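Undergrad: Structure for the following, please:
(chains A, B, C and D)
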Number of protein chains: 2
Amino acid sequence: MPDEQPSPGRTREPTLDEQIAIYQREYGDLDPQVEKVVNALSRLDRRMSVAYGRQLATLGLNQAEWEVLKQLVMAGEPYRLGPGALAKRLGLTPAAVTHRMDRMVATGLVTRERDENNRVRVIVELTDEGREKWLQVMRMASAFEEDLLQDLSSEERGTLGELLTRLLRRVEDAQPDADGRLSDLD
Amino acid sequence: MPDEQPSPGRTREPTLDEQIAIYQREYGDLDPQVEKVVNALSRLDRRMSVAYGRQLATLGLNQAEWEVLKQLVMAGEPYRLGPGALAKRLGLTPAAVTHRMDRMVATGLVTRERDENNRVRVIVELTDEGREKWLQVMRMASAFEEDLLQDLSSEERGTLGELLTRLLRRVEDAQPDADGRLSDLD
DNA sequence: TATGTAGTCTTTAGCGTCGAACCTTTACTT
DNA sequence: AAGTAAAGGTTCGACGCTAAAGACTACATA
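TA: Predicted structure coming up:
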């Protein structure tokens, strides 16, 4: 017989509620209401990332490239940023940005050249192709997000946004710059 | 003078509301309410991860080790799982789990041995030291989470939990197993 | 003009993960 | 029994990130 429950137990992992029940059993001092919010939040973010990643793949992009496109567009016309500024916004080290730009220049999403006014600086600029990719992703993403929130009424969406914003404010005020570099993170 | 605004503009990145305003300007077809929810969510998760990472570091743990401890405890007594099951729960390839176990066995957080009843299998088991670390993290984490939600009333916490759960349900139903491996992810 | 100093990016070495090939043990088939 | 397929882990090669060291430019001071 195909062994039923030997030591390395069944593979299926718990749902959110099951998971919280387990936490309660293993560690009594836990507020289930708090736990539910926090765990739902992180699960949701992971699921969304996975879904996002799939959509990006259909456009021939990966998550890393998408993050860069986003930041460049967010910087506004003329869609330029230095590697250092990009590093801060992406939460990466400057070294990682150097390598990432190597690849993205090769795939034609951005250009990289020295700043003529200050030759120690480098300017990364979005190409037309990069801008076009950004638009394509936005079209997919907004459809996906709208679909995700479909079950919520407009009032509920407002409430959710407001509650999340309050949490965000708390966490952003709380860790101003304990490290000095991660403060400017996202 | 230290150049005011040459090409690579000021370093400071936008707040959530600024960011949404920019998106609106760059891509008109966007529901600001939806955008606020989605972006607040991902920002919040990132900020929490960073905060978590700092706390773990003070206990000599990294994020990777913490994820493993969590899964083993969540599996319940006797806190055992096979590498394959761990891989699924962690969202990693089996190869990555092999290496991660190498390290965690070396640091004494888990043990690894072959299953005598089925010698193709391997059993990873939490050590007492690993269990103790898990407890320490839980103490810190629950305090942090309680602090994070401090500004919300019990009713608001309930509302937030319920709204997030509904979103989660939607995204979990929507992507049952497009890939066949990520389905069993978290 | 020369020199120190700070700022900006790149290079280097090491680590963790992935995808794919490989090996071992178990289960099924005839 | 023997042979084949399937399942569970490990090994190998490549890639992307980090931390630390290096290179280059601009600016202040003497």
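
Undergrad: in which helix or strand would I find residue A:112?
TA: Element membership for residue A:112, per DSSP states H and E: strand A:110-114.

Undergrad: Buried residues of that strand, list them for me.
TA: residue A:110 (16 or more other Cβ atoms under 10 Å in any protein chain shown). Every residue, glycine included, has its C-beta placed from N, CA and C.

Undergrad: Any part of the strand or helix carrying residue A:52 near DNA strand C?
TA: According to DSSP H and E, residue A:52 maps onto helix A:32-58. No. Helix A:32-58 does not reach DNA strand C (Cβ under 7 Å from any atom of the strand); its nearest approach is 10.5 Å.

Undergrad: Check which helices and strands that helix sits against.
TA: helix A:16-26, helix A:63-74, helix A:128-148, helix B:32-58, helix B:128-148, helix B:154-174 (3 or more Cβ pairs under 8 Å, 6 or more residues apart in numbering or on different chains; DSSP states H and E).

Undergrad: now those helices as CSV including mean neighbour count?
TA: Shown next, in CSV, are the helices and strands packed on helix A:32-58 (neighbours: other Cβ atoms under 10 Å in any protein chain shown):
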stretch, mean neighbour count
helix A:16-26, 16
helix A:63-74, 19
helix A:128-148, 16
helix B:32-58, 18
helix B:128-148, 16
helix B:154-174, 17
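
Undergrad: still on that earlier bit, just want the angle from the helix holding residue A:52 to helix A:16-26.
TA: Helix A:32-58 and helix A:16-26 are oriented at 130 degrees to each other (axes from the mean of the first three to the mean of the last three Cα atoms, to 10 degrees).

Undergrad: touching DNA strand D at all, helix A:32-58?
TA: No. On the criterion Cβ under 7 Å from any atom of the strand, helix A:32-58 is out of touch with DNA strand D, staying 13.7 Å away.

Undergrad: Please tell me how far residue A:70 sits from residue B:108.
TA: For residue A:70, the distance to residue B:108 equals 42 Å [Cβ to Cβ, to the nearest Å].

Undergrad: any idea how far residue A:149 is from the closest residue to residue A:76 other than its chain neighbours?
TA: Leaving aside its chain neighbours, residue A:76 sits nearest to residue B:22 (6.7 Å; criterion: Cβ to Cβ, 6 or more residues apart in numbering or on different chains). Relative to residue A:149, residue B:22 is positioned 21 Å away (criterion: Cβ to Cβ).

Undergrad: Report the residue ranges of every domain in chain A.
TA: A:16-58, A:61-152 (automatic domain parsing).

Undergrad: Dump those domains to CSV, plus mean pLDDT.
TA: Below are those laid out as CSV (pLDDT from 0 to 100):
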stretch, mean pLDDT
domain A:16-58, 93
domain A:61-152, 95
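
Undergrad: Columns distance to residue B:57 on top of those, output as TSV?
TA: Formatted as TSV, these follow (distance: least, Cβ to Cβ, whole Å):
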stretch	distance to residue B:57
domain A:16-58	19
domain A:61-152	16
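
Undergrad: Let's check: the centremost residue of chain A is which one?
TA: Closest to where the C-alpha atoms of chain A average out (Cα atoms, centre = their mean) is residue A:49, at 6.8 Å.

Undergrad: Once you drop chain neighbours, what's closest to it?
TA: Counting by Cβ to Cβ, 6+ apart, the residue nearest residue A:49 is residue A:63, at 7.6 Å.

Undergrad: Quick check: residues of chain A near DNA strand C?
TA: So far as Cβ under 7 Å from any atom of the strand goes, chain A lies against DNA strand C at A:2-3, A:82-85, A:94-95, A:97-99, A:101, A:112, A:120-122.

Undergrad: From the chain's centroid, how far away is the strand holding residue A:112?
TA: 25 Å (Cα atoms, centre = their mean, to the nearest Å).

Undergrad: hmm, who's touching it?
TA: A:68, A:72, A:101, A:104-105, A:121-127, A:130 (Cβ atoms under 8 Å, 6 or more residues apart in numbering or on different chains).

Undergrad: check contacts around the nearest residue to residue A:78 once chain neighbours are set aside.
TA: Of all residues not flanking residue A:78 in the chain, residue A:125 sits nearest, at 6.8 Å (Cβ to Cβ, 6+ apart). Contacts for residue A:125 (Cβ under 8 Å, 6+ apart) come out as A:72, A:78-80, A:110-113.
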